[in-house]
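K.L.:
Only the shape, not the letters, is given here:
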């Protein structure tokens, strides 16, 4: 059964090609069907009818797979003068509304019936066919009539109306191989962007493309290079660092070996007419009852791109073409509706880049508000009425609001270089288009915002973990910069303030291009640091851009011989590149910790780039976390410095030279140096021919242990030099420790006196108060304790200590250690006294230094984990007599 009055076959057309596909009844099949039809028609060279065919196929396949719930069969038939597309489903019982029968087709606002309404509006011919098991809806799109051999044609125009281009139009040809890297770079590409062929071949195009990076969202260019055909605007960063706006046409091809690649043709954006695909002219043979459809309305009726950036860019391009404008722009409102943020432009200078902000209320009158439609016939008579168009050469403009449920969500505008181009009629057309797109834009914006917030949360969690993982100041500064570049900004500088009376100091500089770091640091070092204002939030800082522009101007004059200026470290190329590096928006965020400004973090963008509000809010959150981490690292560094200074004060500055005896001491403090240890040693002269030595361990760490350590060391020297023997010295030290009361700590101590003898031996007198016993290594390799254990100090009032005397023969070694050596553990194993004795047995014939080093190495190798206790090793060896 066919609809009455509607032709169902084109019998005179000869089918020259066909393509068919079946799509399952799932939501993603609609997008797959659109891609199938688009790729098929583009492959046949029928670009003039691709958009209409995709729109109609999308609606008909939606009816089949979504509303009917059956698989959809799509068949494309090519003839010499057009294309026929058939969409079949397996639910023939559904009734089809008929023209002329009083049944309603529905409307564009409703889902049901919209496909047939669009067929009636767009197709040259269409119809419906039934079989017992299937139903087919088909439509035919005729190619526009052209002269023989013409792919597309336009009317002859006066010279004054032709597009403006340079004296020589340069078309860059760039080919991207299957690996995603540049394989071809022609001479025009070198001229446009400044890179020689050998500088770019083998590199990804994504390294040059100025595609914004936002946490939680994709970049998009990699996907664009994989499409069969793509056309649009973006930026490429030139060799001088400046972003050059280009209009590009991409075509995916394959070579004779089947290897795919993408051919990219690029021109300056203002010369887009060289590459831009002409708009399809309306078919001349449509019936009188066919509805005229606005091209922008057709676009709105089709499913929108999945990503917000793609939707906005297509919107401004279609809006510009719909009103035959020279430029177009779309701005989205901030949450408080006080500012509008530029999100998509076409035909405007590069300075009007994304994320620049303008106020919603630009003036006091009705036409100064973005909340109402406005038509400006001549902007020269109302300067500043549309801030975005200042100094662009645009004279007439029409702007309309995007609203959802009465709330301002954005603004869409189209501008022209000629005055008087627009009237209320164009405003109504543009408002109609804006009303159709507003809900889709808001939905995509909320989706992007949700992805951004999730990405921001993940970013802050990772940043907090990294900052909490270090207490080193320099590492904290490096982390602060590395977390912001390139995720939040192109470059970053961190200033620190030591105290309230100090000036800000440039502590760290980072740029995403390492070759720019030195020039950027030199520039920032020449200008005054930003004021340390404690007010939260980001504030704009223009000093770097102004200084770089002055330096570039002075150097340019010097190059031209027009004068002399300040010396610069780099040539004209480097200076211009530095000016481009800091030519975008630069903001300063204070680092406030514990109610004090301890520094500032500066974030910058290259020429003409701006920060979006969400990125600044994320940077503010990061700055609060970074400030606290930086202040913690400062406090920790100060504590470590104090502890290390105190630790050094408790150890002898140098060891005396003892005739006939080698002495070696190794001291290792456990941990990161933030606590003063309780281990100590000393070696000092008592009187002529007599030397005192001590090695001890105070219980605990920290200030209390340090107090007892200092008391013990100084009391030993004082009492020994007063002539007291070993037991008397330790008894008096024990009394002094107990006098400290609650602050006292018990102490293990090995104290002795050494007397070198004329026969080459050495007499030692020991008192070992609770300390690990000293070990004696004889020349024959035997090891034995050199003393007996006695009570430790700081526990009992009445101590009965006695002195032991040992004579070391030439070649003998005396080893004294703290319990950090003997109590070294690995699981349930412990080195112990026996393990230490075994190590010492292998040291026969070694010097005192070699003995101490071997013992330390054995202790370190005993367990994989770092030592948890301080260690002190004191080795003394009596010289052997020289043999003639």
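P.N.:
Okay, I see it. These numbers were taken from a predicted model, which means no experiment stands behind them.
K.L.:
hey, let's count contacts and neighbours off CA atoms from now on
P.N.:
Noted.
K.L.:
longest single helix anywhere in the chain?
P.N.:
In the chain, taking DSSP state H as the definition, the longest helix is helix 424-468.
K.L.:
On the C-terminal side of it, identify the next helix or strand.
P.N.:
Using DSSP states H and E, the next helix or strand after helix 424-468 towards the C-terminus is helix 473-484.
K.L.:
Please tell me I have it right and residue 268 contacts residue 245.
P.N.:
Yes. Here residue 268 reaches residue 245: they are 6.2 Å apart, a contact under Cα atoms under 8 Å.
K.L.:
center of the protein - which residue?
P.N.:
Residue closest to the mean C-alpha point of the chain, counted by Cα atoms, centre = their mean, is residue 487 at 2.2 Å.
K.L.:
Need the three-state assignment for that residue.
P.N.:
Classification of residue 487 using DSSP: H, G, I helix; E, B strand; the rest coil returns coil.
K.L.:
how near is it to residue 611?
P.N.:
Note on residue 487: its distance to residue 611, by Cα to Cα, to the nearest Å, is 12 Å.
K.L.:
and if you look at residue 486?
P.N.:
Residue 486 is 13 Å from residue 611, by Cα to Cα.
K.L.:
So which of the two has more stuff around it?
P.N.:
The neighbour comparison of residue 486 against residue 611 (other Cα atoms under 10 Å) goes to residue 611, with 22 against 17.
K.L.:
looking at this, that one is in a helix?
P.N.:
No. Assigned with three-state DSSP, residue 611 falls outside any helix and is coil.
K.L.:
pretty sure it contacts residue 357?
P.N.:
No. With contact defined as Cα under 8 Å, residue 611 does not count as touching residue 357 (9.3 Å).
K.L.:
Relative to the whole chain's centre, how far out is the strand or helix carrying residue 630?
P.N.:
Secondary structure from DSSP H and E places residue 630 in helix 613-649. In terms of Cα atoms, centre = their mean, to the nearest Å, the gap separating the centre of helix 613-649 from the centre of its chain is 22 Å.
K.L.:
Please apply the same query to stretch 773-788.
P.N.:
Taking mean C-alpha positions (Cα atoms, centre = their mean), stretch 773-788 and its chain are 62 Å apart.
K.L.:
So what touches it?
P.N.:
766-768, 789, 804, 806, 809, 811-817, 837, 840-845 (Cα atoms under 8 Å, 6 or more residues apart in numbering).
K.L.:
Straight-line length of that stretch, end to end?
P.N.:
7 Å.
K.L.:
got the residue ranges for the helices in the stretch 651-800 of the chain?
P.N.:
For the stretch 651-800 of the chain, the helices defined by DSSP state H, counting those that start in this stretch occupy 703-721, 726-738.
K.L.:
for the record, mean pLDDT for the shortest one?
P.N.:
Okay, so that is helix 726-738. Mean per-residue pLDDT for helix 726-738: 91.
K.L.:
from the middle of its chain, how far away would that helix be?
P.N.:
Centre-to-centre, helix 726-738 and its host chain are 63 Å apart (Cα atoms, centre = their mean).
K.L.:
what helices or strands is that helix leaning on?
P.N.:
Helix 726-738 sits against helix 703-721, strand 747-756, strand 762-769, with contacts defined as 3 or more Cα pairs under 8 Å, 6 or more residues apart in numbering; DSSP states H and E.
K.L.:
Any chance of JSON lines for those, columns mean neighbour count and mean pLDDT?
P.N.:
Shown next, in JSON lines, are the helices and strands packed on helix 726-738 (neighbours: other Cα atoms under 10 Å; pLDDT from 0 to 100):
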{"stretch": "helix 703-721", "mean neighbour count": "19", "mean pLDDT": "85"}
{"stretch": "strand 747-756", "mean neighbour count": "24", "mean pLDDT": "93"}
{"stretch": "strand 762-769", "mean neighbour count": "23", "mean pLDDT": "93"}
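K.L.:
Would you mind putting the ones you listed into TSV with distance to residue 502 alongside?
P.N.:
TSV is the format used below for those (distance: least, Cα to Cα, whole Å):
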stretch	distance to residue 502
helix 703-721	31
strand 747-756	45
strand 762-769	52
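K.L.:
returning to what we had before: going by neighbour count, list what's buried in the helix holding residue 630.
P.N.:
615-616, 618-620, 622-634, 636-637, 640, 642-644, 646-647 (16 or more other Cα atoms under 10 Å).
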